[in-house]
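Q: model this:
(one chain, ligands or ions: 1)
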Amino acid sequence: MNPMNHINSANSDILSKIPSPCFVLEESWLERNMNVFAKLQAEAPVKVLLALKGFALFHCFPLLKNTLKGASASSLWEAQLAAEEFGKEVYVYSPAYRDEDLSAILDNASHLTFNSLSQWERFRAVVESAPSRPSVGLRINPQYSPVKTDLYNPCQPSSRLGVMPESLGETLPEGIEGFLSHNLCESDSYAMEITLSKIEHYFGRFLPQIKWLNLGGGHLVTSKEYNIDHAIKVLKEFHQRHPHLHLILEPGSAIAWQTGFLLSTVRDLIPTPDVTHAMLDVSFTAHMPDCLEMPYRPSVRGERQLEDGEKGYRLGGASCLAGDFLGDYAFAQDLSIGDRIIFEDMMHYTMVKSTMFNGVVHPSIGIINKDGTFTLWREFSYQDYRSRMG
Ligand SMILES: Cc1ncc(COP(=O)(O)O)c(C=O)c1O
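A: Numbering: from 1, shown residues only. Sure thing, here's the model as predicted:
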């Protein structure tokens, strides 16, 4: 079969110029997402930050900066990248700060959130004497999450993430000006509405004492199913009840939702009685780990429904891990060696999580610009692999 048969015909010229494997961002799709966030911020009393943990492709930050008000970071390195490349407000939250990182974090953070009272007490003096003193917050645990997979549920029993209301007494420790609540994952506005009611229920007595409330990530505002008018209504009503509070969202997934793909190539075909293994030059465990961890089955461009009793293709990852495969898939035509396989929606939680396990070639990174041209931003080499070890 022709190597381009699995590719949108409109784009096949440009796709044939892209090296394999490659993460490919589509500028026009990112712009579409930014328009959604521009509407949300224009109509609701909320500001939106980019969570770098989900998407940190800084080459496209100039486009994001037109709309988003800053970035959120979960470590010193993310804070440095946010300050260097985003350059607006930098909200930092880490489950446990290291003593040796704190002064550099303070150089970059406009807002600094602690996961526990003990960390706040430990670092209070150094924060309060910092030349550019950030606004300090506490992560709270709202004791509600719609997330069914424990790996992604910060409100599971005995969670290590966020302070419980009973440990706070009646008044907040001096110096705390904000709360961060993160409990959603690819969730809708109705889950946000419940979250707000839980925050009012468990932490309502503290709300008059703080200035800002960061509702974390997991708001899938850019998905087709998201009811943005409902989100606007919910945020407005909450704000009417607590007009002094600045509201913040820090999504990662929703920023890069359906803005690009991972292009790969079939390097071998191994028929067995039950399935044919299509051996790819990408790895699920190394490049798309959420497929195995969540787990979920990504869409592949040009796939069709597998019929009852039909022998499908099992997409095999390039590492030696026995479970590094997904399947089974079917296509309009039989696969051949050299065919390109395109995994849709592979911008969020891929590049930020990828590894060089097995020394498997790391996908290059590039963009299809609005004018239809392709720009290659990054290629990886043996030196990148080697330099991680010494
Ligand atoms: C504290 C915090 N904020 C924001 C996010 C981003 O969430 P998402 O990418 O689901 O929008 C996460 C994700 O784990 C998080 O832990």
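Q: Need the three-state assignment for whatever residue of the chain ends up closest to the ligand.
A: Distances between the chain and the ligand by C-beta to the nearest ligand atom are smallest at residue 217, namely 2.2 Å. (Each C-beta comes from the backbone N, C-alpha and C, glycine too.) Assigned with DSSP: H, G, I helix; E, B strand; the rest coil, residue 217 falls in the coil class.
Q: From what I see, it and residue 250 are in contact.
A: Yes: using C-beta atoms under 8 Å, residue 217 is in contact with residue 250, at 5.3 Å.
Q: quick one: pLDDT of the closest residue to residue 188 other than its chain neighbours?
A: Using C-beta to C-beta, 6 or more residues apart in numbering and skipping the chain neighbours, the partner closest in space to residue 188 is residue 226 (6.0 Å). Per-residue pLDDT puts residue 226 at 98.
Q: Neighbours of residue 226, how many?
A: 20 (other C-beta atoms under 10 Å).
Q: was I right about it contacting residue 192?
A: No: at 10.1 Å, residue 226 does not count as touching residue 192 under the criterion of C-beta under 8 Å.
Q: okay, and the common contacts of these two?
A: residue 219 (C-beta atoms under 8 Å, 6 or more residues apart in numbering).
Q: Tell me who's in contact with the closest residue in space to residue 144 that isn't next to it in sequence.
A: Closest residue in space to residue 144, ignoring its immediate chain neighbours: residue 198 at 4.4 Å, by C-beta to C-beta, 6+ apart. Counting by C-beta under 8 Å, 6+ apart, residue 198 touches 142-144.
Q: Scan those residues and report the most crowded one.
A: residue 142 (27 neighbours).
Q: Surely that residue and residue 179 touch.
A: No: using C-beta under 8 Å, residue 142 is not in contact with residue 179, being 9.5 Å away.
Q: and the residue of the chain closest to the ligand, what does it touch?
A: Residue 217 touches 51, 54, 182, 184-185, 249-254, counting by C-beta under 8 Å, 6+ apart.
Q: gap between it and residue 252?
A: Distance, residue 217 to residue 252, using C-beta to C-beta, to the nearest Å: 5 Å.
Q: Show me whatever sits in contact with both of those two.
A: 51, 54.
Q: How about the residue nearest the centre of the chain, nearest residue that isn't a chain neighbour?
A: Nearest residue to the geometric centre of the chain (C-alpha atoms, centre = their mean): residue 54, 2.2 Å. Once flanking residues are discounted, residue 54 sits nearest to residue 252: 1.9 Å by C-beta to C-beta, 6+ apart.
Q: Can you pull the domain assignment for this protein?
A: 9-25+259-387, 44-256 (automatic domain parsing).
Q: so which of those comes closest to residue 37?
A: domain 44-256 (5.1 Å; C-beta to C-beta).
Q: one step back: mind listing the shared neighbours of residue 217 and residue 250?
A: 51, 182.
Q: Now do the closest residue to residue 55 other than its chain neighbours: how many residues are near it, please.
A: The shortest distance from residue 55 to any non-neighbouring residue, by C-beta to C-beta, 6+ apart, is to residue 256 (4.1 Å). Per other C-beta under 10 Å, the neighbour tally for residue 256 reads 29.
Q: got it, and residue 347?
A: By other C-beta under 10 Å, 26 other residues sit near residue 347.
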